[in-house]
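Asks: Kindly generate the corresponding structure for this input.
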Amino acid sequence: MRMFLLIYIFSLLGIFFSIQNKSMDQSIEDGSMIYDDFCIQCHGPLGKGLTKNIPPLDSSDFLLNIGKSISIIKYGSKGPIIVNNKKYNGNSMISQGLDDEEISDVLNYIKNKWSNSDKSQITVKDVNNIKNPI
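Replies: Residues are numbered from 1 along each chain as shown. Alright, predicted model coming up:
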């Protein structure tokens, strides 16, 4: 029984440290797959938004507020949103059900895709620290 408990604890520690030590390149690569699965339907392959009601992710000033960016993916949003001084009246964005690692990966991807370039890495801890909708 002790051996099982030790193996279990070391496995959990290994998973924890492997998540925390993910490189930015790996996070962006993983985020690309998440974007293709969850985001591309509305924001499009070029991050421009597919309708006039969906804001762009490419060159988006909204991404400068990391807390709000995390919150909108983690908890969703209702009502209008202002991006690049333009009001978007999309119905809402529901939470996509992503875990904290997936949220950090997809944000790292978006922040470094198209004309976006932000080499500061969003971590799982950053996402975990957002506990309520902002």
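Asks: Would you work out how far apart the start and end of stretch 111-129 are?
Replies: Start and end residues of stretch 111-129 are separated by 19 Å (Cα to Cα, to the nearest Å).
Asks: May I see the buried residues of that stretch?
Replies: Within stretch 111-129, the residues scored as buried using 16 or more other Cβ atoms under 10 Å are K111, N112, K113, Q121, I122, T123, V124, D126, V127. All C-beta atoms are positioned from the backbone trio N, CA, C, and that covers glycine.
Asks: Please name the residues that touch L57.
Replies: Under the criterion of Cβ atoms under 8 Å, 6 or more residues apart in numbering, the contact partners of L57 comprise C39, H43, G47, G49, L63, I110, K113, W114, N116.
Asks: Sketch out the helices for the protein, chain order is fine.
Replies: Along the chain, the segments classed as helices by DSSP state H run 2-20, 24-34, 40-43, 66-75, 100-110, 124-128.
Asks: just checking, W114 touches H43?
Replies: No: between W114 and H43 there is no contact, the gap being 10.4 Å when judged by Cβ atoms under 8 Å.
Asks: I appreciate the help and will end here.
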